[in-house]
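K.L.:
Sequence plus predicted model, see below.
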Amino acid sequence: MQTPLEIYSPGTSEYSELGQEIKKILDYLISPQLQENLFPSQIIFFLIFIFFFLSIIYFLFKSDYLEWHFIKFIRNFLFAIFLDSKKIANKKWNKIKKNLEKSNIETQWKIYLLEALDILDKSIKKMGRQETEEVFRARKICEDIIQNPDNPMSKKQAQEVFEIFERFLIDLKIL
């Protein structure tokens, strides 16, 4: 009994038959007739490839994928500002501002001021900055709200405190 290595070793008839079959298959695959018949399908598949490639590029730029994964990483590395938290803070700030302007209830003004103080505190921690005297006085008003929520507060006073916080956050380039 012969091993497969002996059967297909050079010089045997099985080896030459196998080689001839492989040569026939390769000749058929590279034949001009087959290439000519496949040319229309090659064009169709090439156009499909181009369509999907351009679709991927389009949706990469249309979506925020590139911004989230690459551009923000580079900006965070270079500028040490957390852009995600900056957007979130800006969104929360605008919501608080809108609610404060619409509200006519004193307790809601106080709640909105405390939420604004929370955003301010987080921003100060991230930026490593000191608050100004004006912000310190506004913070005292908010601390008074926490310690004694029954103290009366006018809407004008609430808006002034809010504007102090807003100016400080604009100076920090958070808003």
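P.N.:
It's in.
K.L.:
May I have the secondary structure class of the closest residue to Glu115 other than its chain neighbours?
P.N.:
For Glu115, the nearest residue in space outside its immediate sequence neighbours is Ile96; the separation is 5.3 Å by Cβ to Cβ, 6 or more residues apart in numbering. Where C-beta positions appear, they are placed from N, C-alpha and C, glycine not excepted. Secondary structure assignment for Ile96 (DSSP: H, G, I helix; E, B strand; the rest coil): helix.
K.L.:
Let the chain start at 838 from now.
P.N.:
Yep, numbering from 838; the last one is Ile933 now.
K.L.:
tell me the domain boundaries of this structure?
P.N.:
The chain breaks down into these structural domains: 841-899, 918-1008 (assignment by automatic domain parsing).
K.L.:
Tell me which of these is the most buried.
P.N.:
Of all these, domain 918-1008 has the most neighbours on average by mean count of other Cβ atoms under 10 Å, namely a mean of 15.
K.L.:
average pLDDT across that domain?
P.N.:
Per-region confidence: domain 918-1008 scores 84 on mean pLDDT.
K.L.:
just to revisit the earlier point, mind giving me TSV with the domains of the chain and columns for distance to Phe907?
P.N.:
As requested, the domains of the chain are exported to TSV (distance: least, Cβ to Cβ, whole Å):
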stretch	distance to Phe907
domain 841-899	10
domain 918-1008	12
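K.L.:
Nearest to Ile911, out of those?
P.N.:
Between Ile911 and those, the shortest gap by Cβ to Cβ is with domain 918-1008, which sits at 10.4 Å.
K.L.:
Can you tell me how far Glu873 is from Ile881?
P.N.:
Plainly put, Glu873 is 15 Å away from Ile881 if you go by Cβ to Cβ, to the nearest Å.
K.L.:
which residue is nearest the middle of the protein?
P.N.:
Centroid check for the chain by Cα atoms, centre = their mean gives Trp905 as the closest residue, at 2.3 Å.
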